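[1] Below: sequence and its predicted model.
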Amino acid sequence: MYAISLGDDGAELRPLEPWQAQEFLTHMDRGREFVGQHIALPDFVTDLESSRSFLQSYADKTAADAGRIHGIWAEGKLVGGVLFRTMDVQQGSAEAGCWLEPSAAGRGLVTRAARVIIDWAVEERGIHRVEWVVSAANEPSIAVARRLGMTKEGVLRESYRYRGKRHDMEVWSVLAPEWRAAKRASKQAP
């Protein structure tokens, strides 16, 4: 299996696959309440069978070139992940997302990992538009969208029903030309 370094702190980005269902469940159990504040992932991954099924759904998406999931490991432990919830290569669009357990928050891991997968999608797969759809109450995820150079396109008012409440969702995106221009500018910065 391959691992992509996320920096000098030893953090790595790796594929997250069905054979890692127990490790994924253990990770989800550590961060269940924190992760579940804004996304339903912990509600879907509740036991070993559901963990394996969730990861298998992404293995199937990978095989169909319709999505991807990667884990973030820090100090040898799975602490979060990034994914393409959807990916339509023909249309050139994808929706990226993330999650992180509380022990890994505030270290820039999601931003670094999202940069890797977005760059891959744009440069290798020809994706033109990457979206980031986030609860308007999820300030850390919104901050990631900003750091990734995304533009806030609008708010889908009360569009997401979660745990008995309706939530506003913000839509952020970056287009391939914007992504490439930002990369060039960062390489030229002193």
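    Arrived safely, thanks for sending.
[2] Skipping adjacent residues, who's closest to Gly31 in space?
    Glu101 (3.0 Å; Cβ to Cβ, 6 or more residues apart in numbering). Heads up, the C-betas are built off the backbone N, CA and C, glycines and all.
[3] these two touch, right, Leu175 and Arg129?
    Yes. At 5.6 Å, Leu175 counts as touching Arg129 under the criterion of Cβ atoms under 8 Å.
[4] Report the contact partners of Val82.
    For Val82, the contacting residues are 13, 69-70, 72, 96-98, 110, 113-114, 116-117, by Cβ atoms under 8 Å, 6 or more residues apart in numbering.
[5] related to what we said a few turns ago, quick one, phi psi at the residue nearest to Gly31?
    Per-residue torsions, Glu101: phi -80, psi 160 (degrees, to the nearest 10).
[6] Identify the residues contacting Arg147.
    Shown in contact with Arg147 (Cβ under 8 Å, 6+ apart): Thr111.
[7] any idea how far it is from Arg112?
    Distance, Arg147 to Arg112, using Cβ to Cβ, to the nearest Å: 10 Å.
[8] next one: Gly126
    Going from Gly126 to Arg112 by Cβ to Cβ gives 23 Å.
[9] now swap in Leu156 and tell me
    As for Leu156, its distance to Arg112 is 28 Å (criterion: Cβ to Cβ).
[10] more neighbours, the two?
    Arg112 (19 against 14; other Cβ atoms under 10 Å).
[11] Show the low-confidence segments of the chain, by residue range.
    Residues of the chain that meet the criterion pLDDT under 70 lie in 1, 189-190.
[12] rerun that using 80 as the cut-off
    For the chain, the stretches with pLDDT under 80 are 1, 188-190.
[13] Run through the strands of it in chain order.
    4-5, 12-15, 68-74, 77-88, 93-100, 129-135, 151-162, 165-175 (DSSP state E).
[14] what distance separates the first one from the centre of its chain?
    Pointing back at strand 4-5 there. 16 Å (Cα atoms, centre = their mean, to the nearest Å).
[15] Now do it: which elements does it pack against?
    For strand 4-5, the packing partners by 3 or more Cβ pairs under 8 Å, 6 or more residues apart in numbering; DSSP states H and E come out as strand 12-15.
[16] again, but for the second one
    Using 3+ Cβ pairs under 8 Å, 6+ apart, the elements in contact with strand 12-15 are strand 4-5, strand 68-74, helix 109-123.
[17] Make TSV out of the ones you listed and add distance to Pro42.
    Shown next, in TSV, are those (distance: least, Cβ to Cβ, whole Å):
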stretch	distance to Pro42
strand 4-5	26
strand 68-74	15
helix 109-123	17
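[18] Could you identify which of those is most buried?
    Across the helices and strands packed on strand 12-15, the average number of neighbours (mean count of other Cβ atoms under 10 Å) peaks for strand 68-74, which reaches a mean of 23.
[19] Understood, closing this out.
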